[in-house]
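Peer 1: Sequence isn't available, so here's the structure alone:
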């Protein structure tokens with residue numbers, strides 16, 4: 001009888017330890033690397049301490065980008081803010097690039113050609129309608145449409161990646177056409 005009690009107690013203890021080990025932990029974002037949800041302070045670390053002019057980039061990363069002077073750094077930061085904050089949008093259930101989207105992508109191509117060492121993630125997003133699986137596939141097609149356009153403009157694909165978030169990261173939380181139109185988008189994140 002004593003052995004059964006010890007075994008039960010051991011099993012309960014093992015389950016408790018296992019439960020604590022599997023508990024969800026929040027990991028803080030790493031400075032200088034984009035998490036893909038927003039503006040320049042996330043992708044570039046511009047809002048954090050360290051680095052010249054308030055930028056979170058260290059000297060080695062500036063050199064890697066081919067940027068040396070304070071003026072060049074400020075120019076890069078200003079241009080990168082516009083780069084990350086200007087999304088392209090799609091029609092319902094579509095991944096074909098519109099003329100306004102192509103004009104925005106042309107500006108992004110100019111940025112990437114100016115800073116060819118910059119690493120860019122193109123995120124495909126969808127509105128809330130449709131299944132998770134369908135929207136992940138549609139988001140992937142949207143991101144790939146932008147990638148193909150940029151690549152066809154003479155940009156080396158080496159520093160370009162895509163990811164689909166489907167409907168998981170909405171820009172607008174409403175349940176109407178105005179919100180859905182804001183969520184059918186590609187978002188661009190600099191990963192430095």
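Peer 2: Noted; the coordinates are in hand. Bear in mind the structure is a predicted one, so any value in this text is a computation, not a measurement. Numbers count the residues shown, from 1 in each chain.

Peer 1: what does the model give residue 133 for pLDDT?
Peer 2: Model confidence at residue 133, expressed as pLDDT, equals 97.

Peer 1: element containing it?
Peer 2: According to DSSP states H and E, residue 133 maps onto helix 132-152.

Peer 1: Pull out the buried residues from that helix.
Peer 2: For helix 132-152, burial by neighbour count (16 or more other C-beta atoms under 10 Å) applies to 135-147, 149-150. C-beta coordinates here come from the backbone N, C-alpha and C atoms, glycine included.

Peer 1: Going by distance to residue 114, which of these wins?
Peer 2: Residue 114 lies nearest to residue 150 out of the buried residues of helix 132-152, by C-beta to C-beta, at 13.5 Å.

Peer 1: so the closest one touches residue 108, yeah?
Peer 2: Yes. Here residue 150 reaches residue 108: they are 6.7 Å apart, a contact under C-beta atoms under 8 Å.

Peer 1: Residue 186 pairs with what?
Peer 2: Here residue 186 shows beta-bridge partners residue 88, residue 124, assigned using DSSP bridges.

Peer 1: Show me the strands paired with the helix or strand in which residue 165 is found, marking each as parallel or antiparallel.
Peer 2: Under DSSP H and E, the secondary-structure element containing residue 165 is strand 160-166. Partners of strand 160-166 in the sheet, by DSSP bridges, are strand 120-125 (parallel).

Peer 1: can you give me the helices for the protein?
Peer 2: Counting by DSSP state H, the chain forms helices over residues 2-21, 40-43, 59-65, 70-85, 99-114, 132-152, 177-183, given from the N-terminal end onward.

Peer 1: In terms of mean pLDDT, which of those helices ranks lowest?
Peer 2: Taking mean pLDDT as the measure, helix 40-43 is lowest among the helices of the chain, coming in at a mean of 38.

Peer 1: hang on, the earlier thing: deepest in the core, which of the helices of the chain is it.
Peer 2: Between the helices of the chain, the one whose residues have the most neighbours on average, counting mean count of other C-beta atoms under 10 Å, is helix 40-43 (a mean of 21).

Peer 1: what's the nearest residue to residue 136 if we skip its chain neighbours?
Peer 2: The spatially closest residue to residue 136, leaving aside those adjacent along the chain, is residue 166, at 4.0 Å (C-beta to C-beta, 6 or more residues apart in numbering).
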